[in-house]
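> Just a sequence and a predicted model for now, questions to come.
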Amino acid sequence: MRDLLKQHIPNITEEACDKFVAYYELLIDWNTRMNLTAITEPEETVKKHFLDSLAALPFLPENARVADVGTGAGFPSIPLLIMRKDLRFTLVDSLNKRIVFLQEVLKTLGLSAECVHARAEDFGRDPKYRAGFDAAVSRAVAALPTLLELTVPLLKVGAKAYCYKGDVGGELETAKSALHLLHCTAEVMPVASDYGARTLVICTKNAPTPSTYPRKAGMPSKKPL
Ligand code: SAM
């Protein structure tokens, strides 16, 4: 695992290597008791989980407050936090078992982040969190129109949501209405990968989100904007 990490992640420190190894061991152990990931082979884990998660790393402002919406087993937030301790993460997931796993990961790795068990729709309406983030990240959670409704309300005006995607061709077209209603603009950034198309869709919030969004839990995916 250490050799793979050094081979795939440029300039990785020994300390970061230790943390990725400990994270991998916890993932494999807890995965026997709960559904965390289908990817368990070391090289696949380094490439498809760890390295893939780091795609937004160069774009996140220093000391940024960042929300990871639908974090699951901690992707992309845990790899980002291992590499950038300045980032102030809030990890959100609707499945409490995954939040319990993430609390154990943070404790073992000696990292600090806030973990919240909530539906993103409710989280985005909570005044404690709404419009309070410098960035949002989200990977493998929903189609783009749904994902925009779950992430954009969390952002300060001028901040960006980094949506981790595969091939986004058609999806961007279907997100036109969501982009308009949520007052944001999107750009597509290809991510280097040797196992198929990977992209970051970077959405900038240009004005406050209308108070109607996000709609009540379930609606953003049932009736995408
Ligand atoms: N982001 C992780 C990754 O890339 O491996 C997890 C992806 S997993 C396919 C989707 C995760 O999003 C699950 O953990 C699920 O519980 C969470 N999720 C889906 N819809 C959600 C919502 N509306 N609010 C909060 N979490 C949600």
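Cool, got the structure.
> Can you check which helix is longest in the protein?
Longest helix in the chain by number of residues (criterion: DSSP state H): helix 14-31.
> Residues contacting the helix or strand following that one, please?
Remark: after helix 14-31, the chain's next helix or strand is helix 42-44, criterion DSSP states H and E. Contact partners of helix 42-44, identified using Cβ atoms under 8 Å, 6 or more residues apart in numbering, comprise 1, 4, 24. Glycine gets a C-beta too; all of them are placed from N, C-alpha and C.
> Surely the second one is in a helix?
By that I understand L4. Yes. Assignment of L4 by DSSP: H, G, I helix; E, B strand; the rest coil places it within a helix.
> State the mean pLDDT of stretch 125-137.
What stretch 125-137 shows for mean pLDDT is 98.
> To clarify, my last question referred to stretch 212-225.
Mean predicted lDDT for stretch 212-225 stands at 96.
> Do it and the ligand come into contact?
No. Stretch 212-225 lies apart from the ligand when judged by Cβ under 6 Å from any ligand atom; the minimum separation is 6.7 Å.
> What are the buried residues along that stretch?
213-214, 220-221, 224-225 (16 or more other Cβ atoms under 10 Å).
> Also stretch 85-97?
Per 16+ other Cβ under 10 Å, stretch 85-97 contains these buried residues: 87, 89-93.
> Next, format those residues as JSON lines and append distance to the ligand and pLDDT.
Shown next, in JSON lines, are the buried residues of stretch 85-97 (distance: Cβ to the nearest ligand atom, whole Å; pLDDT from 0 to 100):
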{"residue": "L87", "distance to the ligand": "16", "pLDDT": "98"}
{"residue": "F89", "distance to the ligand": "13", "pLDDT": "98"}
{"residue": "T90", "distance to the ligand": "12", "pLDDT": "98"}
{"residue": "L91", "distance to the ligand": "10", "pLDDT": "98"}
{"residue": "V92", "distance to the ligand": "6", "pLDDT": "98"}
{"residue": "D93", "distance to the ligand": "5", "pLDDT": "98"}
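> just checking, which of those residues belong to strands?
Among these, the members falling in strands (DSSP state E) are 89-93.
> thought L150 was touching A118?
No. Using Cβ atoms under 8 Å, L150 makes no contact with A118, being 11.1 Å away.
> Looking at the two, which one has more neighbours?
L150 (27 against 17; other Cβ atoms under 10 Å).
> Which residue, neighbours along the chain excluded, lies closest to the more buried one?
Nearest residue to L150 in three dimensions, chain neighbours excluded: A120, at 4.0 Å (Cβ to Cβ, 6 or more residues apart in numbering).
> tell me the strands in the protein, going along the chain?
65-69, 88-93, 114-117, 133-139, 155-165, 184-191, 198-205.
> between the last one and strand 184-191, how big is the angle?
Counting by axes from the mean of the first three to the mean of the last three Cα atoms, to 10 degrees, strand 198-205 lies at 160 degrees to strand 184-191.
> All good on my end, thank you.
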